[in-house]
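Trainee: Model the structure of this input:
(one chain, ligands or ions: 1)
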Amino acid sequence: MKSVPNAHQAVLATAKQMLRKGLVEGTSGNISARLPDGNIVCTPSSVDYEEMSMGDLVVVDLDGAVLEKAQGRSPTSEILLHLACYRAFDDIGSVIHAHPVWATMFACAHQPVPACVDELSMYTGGEVRCAEYAMSGSPGVGENAVKALEGKGAALLANHGMVAVGPEPAKVLHIVALVERTAQIAWGARALGGPVPLPQKANEDFAGVYQLMRSL
Ligand SMILES: [Zn+2]
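Mentor: The predicted structure is shown next:
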């Protein structure tokens, strides 16, 4: 089971970095990491990233029971999505959920983000699938996301946003930023007549690199 050293610090630092990179606004989006004891530390619901401190983070077990709750905070409203990912994938240490604009455009169209730049395959395992729609906050969001995440580092959530998984928060944030950037590139390439697909071998080789690196 993959866990994150200094998980509280890593979650807080990455939450602030996510805001600086413009991948979230206000209190939307959320980050979690797996502690060595198997429990999960996550960002709280409805707290501004700029003002968030270590004391705002919430610890839950894999069933969602709150174990540590300083300052009366509640776990993120999408905690069920995070927990479904940890239960399904033993080799991940961190989950990020966000609603960046370009990726969410593809999620609204129920279209995958194509692996039109080879970097995407290396860091996510190839094209980013779109999970089936489920209402925000319902268990279905996590169930559908897990299916779309099989063998991948990221998935779109239909009519909602995206989710990414990986070994630790900073690396998962890199995946979120890369998916968002690739969605923007794919959109622009379509305006120029459509992206020319990469040779299948290139995508397969890079996806193989992803499988080797996924939990490192
Ligand atoms: Zn959301």
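
Trainee: In PDB, list the C-alpha atoms belonging to the helix or strand of the chain with the lowest mean pLDDT.
Mentor: Scoring the helices and strands of the chain by mean pLDDT, DSSP states H and E places strand 66-69 at the bottom, with a mean of 82. What follows is the C-alpha trace of strand 66-69 in PDB, where atoms were taken according to Å, rounded to 0.1, in the frame of the first residue of the first chain:
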ATOM      1  CA  VAL A  66     -13.800  11.400  10.700                       C
ATOM      2  CA  LEU A  67     -10.800  10.700  13.000                       C
ATOM      3  CA  GLU A  68      -9.200  14.100  13.300                       C
ATOM      4  CA  LYS A  69     -11.100  17.400  12.900                       C
END
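
Trainee: Grab the nearest non-local neighbour of Glu180.
Mentor: Pro100 (4.2 Å; Cβ to Cβ, 6 or more residues apart in numbering). Heads up, the C-betas are built off the backbone N, CA and C, glycines and all.

Trainee: go on, Ser138?
Mentor: Leu80 (7.5 Å).

Trainee: secondary structure class for that neighbour?
Mentor: helix (DSSP: H, G, I helix; E, B strand; the rest coil).

Trainee: That one: neighbour count?
Mentor: 18 (other Cβ atoms under 10 Å).

Trainee: Check Ala65 too.
Mentor: Neighbour tally, Ala65, other Cβ under 10 Å: 10.

Trainee: Tell me how far it lies from Ile40.
Mentor: From Ala65 across to Ile40, the span is 11 Å (Cβ to Cβ, to the nearest Å).

Trainee: Check what contacts whichever helix in the chain runs longest and list those residues.
Mentor: Once the chain is assigned using DSSP state H, the helix that runs over the most residues is helix 169-191. By Cβ atoms under 8 Å, 6 or more residues apart in numbering, the residues outside helix 169-191 that reach it are 4, 10-11, 13-14, 17-18, 21, 23, 31, 33, 94-96, 98, 100-103, 105-106, 113-117, 119-120, 123-124, 128, 153-154, 162, 164-166, 195.

Trainee: now the angle from the helix or strand where Phe206 lies to helix 169-191?
Mentor: For Phe206, the element it lies in under DSSP states H and E is helix 200-213. Note on geometry: by axes from the mean of the first three to the mean of the last three Cα atoms, to 10 degrees, helix 200-213 and helix 169-191 are set 170 degrees apart in direction.

Trainee: In helices only, show me the contacts of helix 169-191.
Mentor: 10-11, 13-14, 17-18, 101-103, 105-106, 119-120, 123-124.

Trainee: which of those are the two that sit furthest away from each other?
Mentor: Maximum pairwise distance in the ones in helices among the contacts of helix 169-191, criterion Cβ to Cβ, is 29.5 Å, between Ala10 and Met105.

Trainee: What residues are bridge-paired with the residue nearest to Thr76 when sequence neighbours are not counted?
Mentor: Excluding its sequence neighbours, the residue lying closest to Thr76 (Cβ to Cβ, 6+ apart) is Asn30, at 3.7 Å. When assigned by DSSP bridges, Asn30 has beta-bridge partners His97.
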